[in-house]
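Chemist: model the following, please.
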Amino acid sequence: QVQLVESGGGLVQAGGSLRLSCAASGRTFSTDTIAWFRQAPGKEREFVVCVMWVGGGTRYADSVKGRFTISRDNAKNTVYLQMNSLKPEDTAVYYCAASFPGGGLTSAENNYQYWGQGTPVTVSS
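Modeler: The predicted structure follows:
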């Protein structure tokens with residue numbers, strides 16, 4: 001089992017920044033990749049970005065490229081999501097997820113087996 005706890009969400013004005021954290025515990029060696037997904041009100045959950053524990057490879061959704069940056073601290077088993085130039089359309093609950101073994105840089109939800117409880121982000125215009 002892997003436990004994921006997100007933090008750092010909140011209310012910010014458009015153009016502002018937030019940094020989300022995802023702290024992983026448990027059998028973290030059993031997962032290759034940590035991703036961030038988000039779900040806006042009335043919409044389906046969508047992929048945002050992912051990073052591999054080993055090597056640090058990343059994959060970003062087009063909608064956040066150049067504004068969001070994912071990073072990891074392997075010693076702390078923590079993944080960070082730095083979100084800059086936030087827009088109202090970034091408003092959502094942000095979830096971190098841990099992949100199945102061998103998941104790679106995948107954006108598909110069904111490749112992620114563990115999920116956090118989510119942290120809300122609200123961007124006001």
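
Chemist: please, which helix or strand holds the spatially most central residue of the chain?
Modeler: When the chain is reduced to its mean C-alpha position, the nearest residue by CA atoms, centre = their mean turns out to be W36, at 2.0 Å. If you go by DSSP states H and E, W36 is part of strand 33-39.

Chemist: mind listing what's buried in that strand?
Modeler: In terms of neighbour count (16 or more other CB atoms under 10 Å), strand 33-39 has its buried residues at 33-38. C-betas here are computed from N, CA, C, even on glycine.

Chemist: kindly report the same for stretch 64-84.
Modeler: 64, 68-70, 72, 77-81, 83.

Chemist: between which two of those residues is the distance greatest?
Modeler: Within the buried residues of stretch 64-84, V64 and N77 form the most distant pair, 23.3 Å apart (CB to CB).

Chemist: before we move on, back to that, which residues touch the helix or strand following the strand holding W36?
Modeler: Elements were assigned by DSSP H and E; along the chain past strand 33-39, the next helix or strand is strand 46-52. Strand 46-52 is touched from outside by 32-39, 57-61, 64, 68, 70-72, 79, 81, 94, 99, 104-109, with contacts defined as CB atoms under 8 Å, 6 or more residues apart in numbering.

Chemist: direction included, what does strand 46-52 pair against?
Modeler: Strand 46-52 pairs in its sheet with strand 33-39 (antiparallel), strand 58-60 (antiparallel), by DSSP bridges.

Chemist: okay, buried residues for that strand please.
Modeler: Using 16+ other CB under 10 Å as the test for burial, strand 46-52 gives 47-52.

Chemist: got CSV for those residues, with distance to Q113 and pLDDT too?
Modeler: Formatted as CSV, the entries for these read as follows, by distance: CB to CB, whole Å; pLDDT from 0 to 100:
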residue, distance to Q113, pLDDT
F47, 15, 98
V48, 18, 98
V49, 18, 98
C50, 14, 97
V51, 17, 95
M52, 16, 92
